[in-house]
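**Student:** Kindly generate the corresponding structure for this input.
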Amino acid sequence: MCSSDLRTAAQLEARQLQRRWSSLRRCLAELGEASERRLAWRGLETNARWQGQHLVLVQARMPQASDRLELWLLLQLACAAAGGACERPQSAILIAREGHNLQKSLTLAPVAPEQAAAELERLLQLRHSWRERCWPVPPRTGWAYLEAEAKRSGQGRERAAAIWEGSPQLQGERQRPEMVVCFGADRPAEALLTGEFADQAIALYGPLLEAQP
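**Tutor:** Down below sits the predicted model:
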């Protein structure tokens with residue numbers, strides 16, 4: 001590649017980065033003034049970003065299942081903490097990349113403090129029961145299964161298998177180092193998707209999927 005081609009590629013990348021930055025600033029400005037607040041409930045603590053009265057999670061990448069779950073957890077923690085002195089958010093918003101822009105990817109409504117507390121207790125129990133089994137639900141594969149099933153019953157296994165196995169254009173989730181540790185290097189989709197897989201995916205993601213607009 002000649003120097004002029006390199007300059008052109010660099011200029012294009014710079015314009016795309018500027019476009020993303022501008023879109024992020026516009027998106028955040030619409031929500032209100034930025035602040036950081038400490039969320040705490042029964043030993044669970046974290047700092048969270050707020051824009052006005054909205055709890056916000058910003059990711060520069062395309063939205064992932066892990067981002068949706070993180071937003072869900074932050075919302076439950078914020079709402080459970082609202083049973084004390086903390087203020088409950090008007091919504092929880094995931095801002096992520098869509099095309100060349102950063103924009104709202106997911107908006108979740110708040111829940112009552114007691115409902116949030118019950119969900120956090122459920123997830124803590126789930127973590128405790130799973131801790132001796134490594135991590136039984138591959139994040140992307142589990143989410144793909146439930147999302148496809150919600151759209152059309154019976155399509156979940158095919159979609160989950162595609163995410164797990166991958167393709168020439170997309171790395172399979174099975175190739176990620178942490179997935180190799182949990183499931184082995186040669187676990188085929190047919191073996192992964194048997195037994196308790198569906199129930200485990202529902203246990204992890206079911207309430208989040210139902211809460212999506």
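**Student:** how about Ala189, what does it touch?
**Tutor:** Listed by C-beta atoms under 8 Å, 6 or more residues apart in numbering, the contact set of Ala189 reads 160-161, 164-165, 174. Every residue, glycine included, has its C-beta placed from N, CA and C.
**Student:** Of those - the most surrounded one?
**Tutor:** Neighbour counts for the contacts of Ala189 peak at Ala160, which has 28 neighbours (criterion: other C-beta atoms under 10 Å).
**Student:** Sticking with that residue, tell me its helix or strand.
**Tutor:** helix 156-165 (DSSP states H and E).
**Student:** right, and the helix or strand after that helix?
**Tutor:** Sequence-wise, the next helix or strand downstream of helix 156-165 (DSSP H and E) is helix 177-183.
**Student:** CA atoms of that next one as CSV?
**Tutor:** C-alpha atoms of helix 177-183 as CSV (Å, rounded to 0.1, in the frame of the first residue of the first chain):
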residue,chain,number,x,y,z
PRO,A,177,-10.3,-18.8,25.5
GLU,A,178,-12.7,-18.6,28.4
MET,A,179,-15.2,-20.8,26.5
VAL,A,180,-12.4,-23.3,25.8
VAL,A,181,-11.8,-23.4,29.6
CYS,A,182,-15.5,-23.9,30.4
PHE,A,183,-16.5,-26.3,27.6
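**Student:** all helices for this protein, in order.
**Tutor:** All helices of the chain, identified by DSSP state H, fall at 3-29, 65-81, 113-130, 139-151, 156-165, 177-183, 189-192, 197-211.
**Student:** Nearest to Glu98 among the ones you listed would be which one?
**Tutor:** With C-beta to C-beta as the measure, helix 3-29 is the member of the helices of the chain nearest Glu98 (9.2 Å).
**Student:** tell me how far stretch 119-137 is from the chain's mean position?
**Tutor:** Distance of stretch 119-137 from its chain centroid, counting by C-alpha atoms, centre = their mean, to the nearest Å, is 17 Å.
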